[in-house]
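[1] Could you look at this predicted model? Sequence included:
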Protein chains: 2
Amino acid sequence: MTQQLVFRAIADPTRRSIMTMLSSGERSLNDITAEFEMTRPAVAKHLNILREGGLVRVRKQGRERLHRLQPEALKTVSDWLSFFDQFWDEKLANLKQAVEMDDE
Amino acid sequence: MTQQLVFRAIADPTRRSIMTMLSSGERSLNDITAEFEMTRPAVAKHLNILREGGLVRVRKQGRERLHRLQPEALKTVSDWLSFFDQFWDEKLANLKQAVEMDDE
DNA sequence: TTGACATGAAACTATATGGTTTCCTATAAA
DNA sequence: TTTATAGGAAACCATATAGTTTCATGTCAA
């Protein structure tokens, strides 16, 4: 299942950090690496995992490869989350009811 | 940071499955184990990780320990997601604009 | 108070993960 | 047509993770 690739991708703090970084625009691998205390191959692996999750896309430009965020892939997470909304809402509703009953 | 514990917790498919299971009500460890092809201690470890992420709470009842979903903890994920909404929206807006320009 | 049951905890194993170093390839620029 | 730069790929390492088996503890019920 591809859903798992998204959850896997966002599970790592470095990768979430890369996503934030890419939110301000395309970046090359070297560019991204400069922001971390980590070697280039390590960052490259994180980028691959982000690509596998569909969260990042790559575009070649000369000898650079520019990585850009693909936020649509987060819909998978958003959809998963929304299932639990009802239970959260339910809890709020129960609380509200309790407060109102307390009022009478 | 505690945010990481939430992302870690939801990264595993078994744990997400347990969360879905718990959405229909409290369950004991044995109860939950029965739904998986996995030993009891393995499930117990997953439940511990869910607890560490604040996604599950435990209540003792006699010799059982009932686990219940704590969906509020998902707000961490929801908040993180919402940051990326703007880029998603931006893209939609750009698309919309492109379509409109194409129309003229 | 003994037996059965629900769970906790420890010790162990295999594999996944995040990182490194080293070397190779492709493109830009001198 | 060299040389420098950007990145890919392979081999390797340490630790984390997901699972197991085995044993100990607490509570209910007869």
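    Nice, thanks for sending it over. Numbering: from 1, shown residues only, chains lettered A, B, ... in the order given.

[2] all contacts plus neighbour counts: C-alpha atoms, from now on.
    Will do.

[3] interface residues of chain A facing DNA strand C?
    A:8, A:11-12, A:14, A:37-43, A:46, A:61-63 (Cα under 7 Å from any atom of the strand).

[4] Chain A: strands as residue ranges?
    A:56-61, A:64-69 (DSSP state E).

[5] which of the residues of chain A next to DNA strand C count as buried?
    A:8, A:11, A:43, A:46 (16 or more other Cα atoms under 10 Å in any protein chain shown).

[6] Please look at residue A:27 and residue A:61 and confirm they touch.
    No - between residue A:27 and residue A:61 there is no contact, the gap being 11.2 Å when judged by Cα atoms under 8 Å.

[7] Smallest gap between chain A and DNA strand C, at which residue?
    Residue of chain A nearest DNA strand C, by Cα to the nearest atom of the strand: residue A:62 (2.9 Å).

[8] Model confidence score at residue A:43, please.
    Looking at residue A:43, its pLDDT reads 98.

[9] Next: the one 10 residues further on.
    Turning to residue A:53, the model gives it a pLDDT of 97.

[10] That one: what's it in contact with?
    The neighbours of residue A:53, taking Cα atoms under 8 Å, 6 or more residues apart in numbering or on different chains as the test, are A:2, A:3, A:5, A:6, A:7, A:8, A:9, A:73.

[11] ok, which of the residues you listed also contact chain B?
    Contacts with chain B within the contacts of residue A:53, counted by Cα under 8 Å from any Cα of the partner chain: A:7, A:8.

[12] Quick one: mean pLDDT over stretch A:85-103.
    Stretch A:85-103 comes out at a mean pLDDT of 66.

[13] Please read the previous query as pertaining to stretch A:69-78.
    For stretch A:69-78, the mean confidence score works out to 96.

[14] so where do the helices sit in chain A?
    A:2-10, A:13-22, A:29-33, A:40-52, A:75-103 (DSSP state H).

[15] Out of those helices, the one nearest residue A:68 is which?
    Each of these has some distance to residue A:68 by Cα to Cα; the shortest is helix A:13-22, at 6.0 Å.

[16] Show me which pair in the residues of chain A next to DNA strand C is furthest apart.
    Most distant of these, by Cα to Cα, are A:11 and A:62, 32.0 Å apart.

[17] deepest of the helices of chain A, which one?
    helix A:2-10 (a mean of 19; mean count of other Cα atoms under 10 Å in any protein chain shown).

[18] what does chain A put close to chain B?
    A:4, A:7-8, A:10-13, A:23, A:71-72, A:74, A:78, A:81, A:84-85, A:87-88.
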